[in-house]
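no FASTA, just this:
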């Protein structure tokens, strides 16, 4: 039976002790979707995703990187990590959606899955904020980890 790593034998929360672990290169990739009404997506596409608040993609990329760097401040039991890299990509895809992808890497004793997921979330929320003047009918969904390497077990989900 598996146990929760952040809960002790008394049911109390705590940060996992990673001191016995070896330092390895840890990588994680997460992705998520931002869906718009068709008319709004068309308008944004025709405007090269420039709104009165500025360049949507560029601003959201910066927000995603900043979010990934602040993960330990947002998620209580995450270890603060010195990230080696954080790359956020945004691309229009079918069904009036933007696909947000975040790759994070570090050399450390614990993985960067939460940083990648937080990076996607921060970028997606920034997109919402920059486009909400056009509509509030924007959906953020399907935020998930698609790959992680460098720890006890690797993950390569179907993309």
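Arrived safely. In this text, all values refer to a predicted model and were calculated from it rather than measured experimentally. Residues are numbered from 1 along each chain as shown.

ok, and for stretch 138-152, which residues are buried?
For stretch 138-152, burial by neighbour count (16 or more other CB atoms under 10 Å) applies to 138, 140, 143, 145-151. C-beta: built from backbone N, CA, C; applies to glycine.

For residue 54, give the beta-bridge partners.
On the basis of DSSP bridges, residue 54 is bridged to residue 51.

doesn't residue 130 make contact with it?
Yes. Between residue 54 and residue 130 a contact is recorded at 7.0 Å, counting by CB atoms under 8 Å.

who's more crowded, those two?
With neighbours defined as other CB atoms under 10 Å, residue 54 and residue 130 compare such that residue 130 has more, 22 against 10.

Test my guess that the more buried one contacts residue 50.
No. Applying CB under 8 Å as the test, residue 130 and residue 50 come out as separate, 9.6 Å apart.

which one among the buried residues of stretch 138-152 gets closest to residue 79?
residue 151 (12.7 Å; CB to CB).

In three-state terms, label the closest one for me.
Recorded secondary structure, residue 151: coil (DSSP: H, G, I helix; E, B strand; the rest coil).

I am finished for the moment; much appreciated.
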